[in-house]
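A.B. asks: Sequence and predicted structure, then a few things I'm wondering about:
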Amino acid sequence: MVPFNVLFIDSYDSFTFNVVRLIEKQLVNGDELVRVTTIRNDTFADMKQLVGELDYFDCVIVGPGPGNPVNGFDDVGIVSCLFSGDELAEVPVLGICLGFQAMCYSQGSAIDELETIKHGQVYPIELLSEKRFGIFDGYPATFKSVRYHSLHVSRASPMVIPLATTDDENGSLLMAAKIKQRPWYGVQYHPESCCSELGDRLIKNFLQLAYDENVRNGRHERKKQLYEQNPAHFGEKLAELDGTIDHSCIFKKFKPVEKEEVSVRKYNVSKVAELTLKLSDKIPDAKFIMASSKVADHRGEWSIIALPNERSVVLTHYSQVNRTTIYKWRDPKVTEELISRALNGESNEAEFPESFQVLHEDKSHFWITMGEFMTDKLVSNHQEIPFIGGLVGTLGYEMGYYVYNTVPADERLIPDAKLVYIENCIVIDHTSGQLYCISLCDQFPAHITQMLDECEWLNDDNQCRDVSWSDQLPADVSFDIQMPDQEQYASAFRRAQEYMHRGDSYELCLTTQTNVTPSKRITPWRMFQTLVRRNPAPFSSFFEFSDVLNTDNTLCLLSTSPERFLKWDADTCELRPIKGTVKKTAHTTREQALAILRTPKEFGENLMILDLIRNDLYELLPDVTVREFMVVEEYQTMYQLVSVVEARGLSSPRVPYTGLDVLRHSLPPGSMTGAPKKSSVQLLQLHLEPELNRGALAGTRGLYSGVTGYWSANGRGDWSVNIRLLHTYNNGHSWHIGAGGALTVLSSLDGELQEMYTKLQSTLQMFN
Ligand SMILES: C=C(O[C@@H]1C=C(C(=O)O)C=C[C@H]1O)C(=O)O
Ligand SMILES: NC(=O)CC[C@H](N)C(=O)O
């Protein structure tokens, strides 16, 4: 039987797939499955192209999005002209938010900016008394729904039949309507938000109305005939439209096998978090650390010390020149000069040492390179341990969707991603007090196990806590600190407000860059030791890559991140977006922080990102739930509002994706962009941040706002957001610190400036 087909038109919104999944969950006419085909608002250049496709669909749903339907195709694509001609006259349509506004506008209604804008706010929607049928069949007189809009239907034309309203500071506002003589319906609110009630009923009612309408007007019969004439062609047509949005996977999923060479040696150790750093300090070899310097529920339970060796392969991507280098860690034949010539295309392969390769590929293909690199290394061993070896490293902000490294190719080349393949590691479970020395090839360094065997304090909490290093940096070093310019910040803030008032974004995470130059280089390890003492956090990371010998062109990253971006195991993904920040003073209690963090401003800020994260997950996975809703977490210098979202289904044979796909797909982290992601990222990168961060590299964020973590050989992964970190591209001769926060229409300049400084201080304080 041919399913009930819905054409969904997406305006590059960050809530799209929340709606799409809601539609797919419904059954029409009791038992007909619903199939949704999603296209973008610019997939077709005009209505003539789209009209030929309509007979394949039972109805059209026009989703939310940035922009204003009044501004035409450039702003909202085909949504600007969907309703103006007769092409859709008989087609049942549901417009949501932007789609609703476009529909009403086409009928002669006026669209204007709201006086008081609502982004991520819950309101009672009141049905006009006689309208509790049709799309509102079975509804109570009022129900709660989330609003995300700057614009509204300020004057409804006579063609618009009002169905629902809400009241706020703006007066009474139109929240739902039907168009006269057309099977067209629309809602201004967002039925798909996780804080909206009865969203599924609205969709179900609409789909049923669409079915009944099509039976009446003959469209149902036409679609049936089209299908019966050539079912294969019908299917191909839908597949072709589905393919207009790239949902390919990085590599074909397979079941890895157990490998005998994997060795694990266990020690009982103290549960004290400082153990990791104290132990690291005793290991003279190079190491990368993903440590918990603050153990808390569900995060920071594990610490990892990854030990690179001469067999470790280093993958580095430079999107400025679309090239990836692959070589062995500290291979004496791989020099800075060789890399530089290879990246600029000045050398040929015959000159390359054996371990060295350069791939000409864009950042999107880099993910495939990662996947190919790992496919023969994935094993089924030790699923209970989060990391057993594998790729560790960092992916910068510009690796994400819609962001580009805008530093010209003839300027200094900045890596956007660096990952090192690790065969040996120490993994510590702080909750059970277990330490594992793991080798993927049964060659764990003997001198380290010997050191552990002889170590007398591994089990002694007090001795573990007693770290010997200072919380101060060496007194003979001074620091030149270039802070963000307040005037520039104020100007960017005001322009951000204009964009949000115009409806181009609902939330913008505006960030600044601070540069610190020490009078004398301090080793990254010494810097990190002080940083973690000053600002302990569950996701502290230390990466001094030093992957090429004899060069200062080396990437280092010292992070004290409070925020997990994405963790995955065999079936489940977990994301923990933080949105909402209160500075800690001697007088703020947790209760007071909670009261502030639950005000409309912080609530809306968090909800928008929560819905965005649901969307990013729903795009690939069928089962997404909000496990924790806006809880307060306490850190050294601030309180933060955190939500936890979980998605299941990675192990399902119906899901072609792996955790790596989810990671690729959901970068950059929504908590660092704002919503909708595409428009917000572009406004930030092209219009707001270049001037504000003139000292930085042409408006790029670099490692800040990216992620750091691992993809383990046993298939698991865990990545934290690159915030509260220092990073350097020149081995610590100068450091960059990013700090920022999400702006909404409820933000005040002073409040946001304070928040940005509070975050900046969490790292900058180490220089005092
Ligand atoms: C932008 C930063 O932090 C992000 C923004 C937050 C906010 O707006 O409340 C909170 C945590 C991070 O997701 C930063 O620390 O620089
Ligand atoms: N969520 C939306 O669809 C928003 C529509 C429109 N851009 C507005 O801001 O009002």
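C.D. replies: Received it, and whenever you're ready, just let me know what you need. Ligands and ions are numbered 1, 2, ... in the order given.
A.B. asks: would you say Glu591 is within a helix?
C.D. replies: Yes: when DSSP: H, G, I helix; E, B strand; the rest coil is applied, Glu591 is found to be in a helix.
A.B. asks: what's the distance between it and Tyr639?
C.D. replies: 11 Å (C-beta to C-beta, to the nearest Å). Bear in mind the C-beta positions are built from the backbone N, C-alpha and C, glycine included.
A.B. asks: With neighbour numbers in mind, choose between these two.
C.D. replies: More neighbours surround Tyr639 than the other of Glu591 and Tyr639, with 22 against 9 (other C-beta atoms under 10 Å).
A.B. asks: residue contacts, the residue of the stretch 251-400 of the chain found nearest ligand 1?
C.D. replies: Residue nearest to ligand 1 within the stretch 251-400 of the chain: Tyr397 (10.9 Å; C-beta to the nearest ligand atom). Each residue near Tyr397 by C-beta atoms under 8 Å, 6 or more residues apart in numbering is listed here: Val403, Pro668, Met672, Thr700, Arg701, Gly702, Leu703, Tyr704, Ser705, Gly706, Asn722.
A.B. asks: give the contact list for the residue nearest to the last one when sequence neighbours are not counted.
C.D. replies: With sequence-adjacent residues excluded and distances taken as C-beta to C-beta, 6 or more residues apart in numbering, Asn722 is closest to Gly706, at 4.7 Å. For Gly706, the set of contacting residues under the criterion of C-beta under 8 Å, 6+ apart consists of Thr394, Leu395, Gly396, Tyr397, Glu398, Met399, Gly400, Leu667, Pro668, Asn722.
A.B. asks: next one: Ile245
C.D. replies: By C-beta under 8 Å, 6+ apart, Ile245 lies in contact with Asp10, Thr38, Ile39, Arg40.
A.B. asks: if you set the cut-off to 7 Å instead, what comes out?
C.D. replies: When contacts are counted by C-beta atoms under 7 Å, 6 or more residues apart in numbering, Ile245 touches Thr38, Arg40.
A.B. asks: Then Ala492?
C.D. replies: The contact partners of Ala492, taken as C-beta under 7 Å, 6+ apart, are Leu510, Leu688, Glu691, Leu692.
A.B. asks: Same question for Leu575.
C.D. replies: With the criterion set at C-beta under 7 Å, 6+ apart, Leu575 makes contact with Phe565, Leu566, Ile613, Val645.
A.B. asks: Is it bridged to anything, and to what?
C.D. replies: Val645 (DSSP bridges).
A.B. asks: ok, Thr523 - how many residues close by?
C.D. replies: 12.
A.B. asks: Show me the contact partners of the helix or strand hosting Ile304.
C.D. replies: Here Ile304, judged by DSSP states H and E, is contained in strand 302-307. Outside strand 302-307, the residues that touch it by C-beta under 7 Å, 6+ apart are 276, 280, 283, 285, 287-292, 386-387, 392, 422, 424-430, 445.
A.B. asks: hmm, back to that, of the contacts of Ala492, which is the most crowded?
C.D. replies: Result: Leu692 is most packed of these (other C-beta under 10 Å), 25 neighbours.
A.B. asks: distance of that residue from Lys579?
C.D. replies: For Leu692, the distance to Lys579 - C-beta to C-beta - is 21 Å.
A.B. asks: ok, the closest residue to ligand 2 within the stretch 501-650 of the chain to Gly67 distance?
C.D. replies: Closest residue of the stretch 501-650 of the chain to ligand 2, C-beta to the nearest ligand atom: Gly503 (2.9 Å). Using C-beta to C-beta, Gly503 is found at 6 Å from Gly67.
A.B. asks: surely the residue of the stretch 501-650 of the chain closest to ligand 2 meets Ser150?
C.D. replies: Yes: between Gly503 and Ser150 there is a contact under C-beta atoms under 7 Å: 3.9 Å.
A.B. asks: And for the residue lying closest to Trp568 once chain neighbours are set aside, the neighbour number?
C.D. replies: Nearest non-adjacent residue to Trp568, counting by C-beta to C-beta, 6+ apart: Gly659, 3.3 Å away. For Gly659, the neighbour count with other C-beta under 10 Å is 23.
A.B. asks: List the backbone torsions phi and psi for Gly659.
C.D. replies: Main-chain dihedrals, Gly659, degrees, to the nearest 10: phi -60, psi -30.
A.B. asks: Could you tell me which residues make contact with it?
C.D. replies: Counting by C-beta under 7 Å, 6+ apart, the residues that Gly659 touches are Trp568, Cys573, Leu650, Gly717.
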